[in-house]
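*Asks:* here is my input; please provide its structure:
(one chain, ligands or ions: 1)
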Amino acid sequence: MKGVIFDLDGVLVSTDEFHYRGWARLATEEGIPFTREDNHRQRGVSRMESLEILLKKSPKSYSGEQRLEMATRKNAYYVECLQNLTLADTLPGAREILVALRAAGIKLAVGSSSRNTPLIMEKTDLFRYFDAVADGNDITRSKPDPEVFLLAARRLGLPPEECVVVEDAEAGVEAARRAGMRVVGVGPAELGPCDLRVRNIGELTADAQTLHAGVVTFSVGGSQPDPRSVALLSAMLLQPESINSVVLPEKDLSALGQRLDSGIIYLYS
Ligand SMILES: [Mg+2]
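*Replies:* All right, here's what the predicted structure looks like:
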């Protein structure tokens, strides 16, 4: 691994709330009911598909031109909201992993289909961590086409097989695989086959060779086990082939769940 290419939205930054506000404002203007659940169904789909979800609740029919105008209007509201992004809108752990990777000598890029990438990165002060950016303004084919990741790798001066992609959407995971890159899946969504899965960017750790799924603190025995650790331990025991080594402070794995008070598990895959 010589380079890591990060998707932006949902991996490093969350703009979900801004998308919601953009759609909600459009819906209000059009007199269409719109809820958080409707918004949830819009995740990971294109702007025009998202609009269709909203329009399903309207008794009216709309021309192609009207649809295009509404999608454009929603994006204007979204971009207006993006002006309020700050450093605080990067997801927990995002800066830490970027700093760790840079310290390990890994080259970093952003690979996002969003045309708003430069604005989002500027507002959240993310440019400083990256050697290259490839975004929706540079490409003609969105994910799952591999174009954006191949361009990012080229801008890093690296062959695809030396790059790892970090993604939170199924289309992005497919794009990475089609680009011939390894892929880390982030978040709860169904993503298809990934080389490594984490629930959020904060679980990702790194060294100069590879990315790991977490340094997880846990406690078992006397105190109440941390449910996150229990879930991870179960996954580890169910899929031991994905684990190369487990480092436990108590050395003896058989003691797990019986007498360990606390410790740190390093999960390598
Ligand atoms: Mg994403």
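*Asks:* please work out the average pLDDT along the host helix or strand of residue 197.
*Replies:* Element membership for residue 197 (DSSP states H and E) is strand 196-198. Per-residue confidence for strand 196-198 averages out to 83 on the pLDDT scale.
*Asks:* partner strands of that strand, with direction?
*Replies:* If you go by DSSP bridges, strand 196-198 pairs up with strand 182-186 (parallel).
*Asks:* in the stretch 151-269 of the chain, which ranges drop under the pLDDT threshold?
*Replies:* Within the stretch 151-269 of the chain, the stretches falling below the threshold (pLDDT under 70) are 207-209, 212-269.
*Asks:* contact residues of the stretch 101-250 of the chain facing the ion?
*Replies:* 168, 169 (CB under 5 Å from the ion). C-betas here are computed from N, CA, C, even on glycine.
*Asks:* wait, a helix at residue 205?
*Replies:* No: judged by DSSP: H, G, I helix; E, B strand; the rest coil, residue 205 forms no part of a helix; its state is strand.
*Asks:* what sits opposite it in the beta ladder?
*Replies:* The bridge-partner assignment for residue 205, based on DSSP bridges, gives residue 212.
*Asks:* what residues are bridge-paired with the residue lying closest to residue 191 once chain neighbours are set aside?
*Replies:* Distances taken as CB to CB, 6 or more residues apart in numbering place residue 185 nearest to residue 191, at 4.2 Å, with adjacent residues excluded. Here residue 185 sits in beta bridges with residue 167, residue 197, going by DSSP bridges.
*Asks:* contacts only, for residue 185.
*Replies:* The contact partners of residue 185, by CB atoms under 8 Å, 6 or more residues apart in numbering, come to 167, 168, 173, 191, 194, 196, 197, 198.
*Asks:* could you rerun that using 6 Å?
*Replies:* Contacts for residue 185 (CB atoms under 6 Å, 6 or more residues apart in numbering) come out as 173, 191, 194, 197.
*Asks:* in helices only, show me those residues.
*Replies:* Cross-referencing the contacts of residue 185 with the helices (criterion: DSSP state H) gives residue 173 as the overlap.
*Asks:* quick check on the contacts of residue 185: which are buried?
*Replies:* 173, 191, 194, 197 (16 or more other CB atoms under 10 Å).
*Asks:* next SSE downstream of the strand or helix carrying residue 121?
*Replies:* When elements are assigned from DSSP H and E, residue 121 belongs to helix 117-123. Sequence-wise, the next helix or strand downstream of helix 117-123 (DSSP H and E) is strand 132-134.
*Asks:* flag every buried residue along the helix or strand just after that next one.
*Replies:* Using DSSP H and E, the next helix or strand after strand 132-134 towards the C-terminus is helix 147-156. Residues 147, 148, 149, 150, 151, 152, 153, 155, 156 are the ones in helix 147-156 that count as buried (16+ other CB under 10 Å).
*Asks:* one step back: of the contacts of residue 185, just say which sits nearest to residue 43.
*Replies:* residue 191 (12.6 Å; CB to CB).
*Asks:* the spatially closest residue to residue 190 that is not a sequence neighbour and the ion, how far apart?
*Replies:* Residue nearest to residue 190 in three dimensions, not counting chain neighbours: residue 170, with 6.5 Å by CB to CB, 6+ apart. For residue 170, the distance to the ion (CB to the ion, to the nearest Å) stands at 10 Å.
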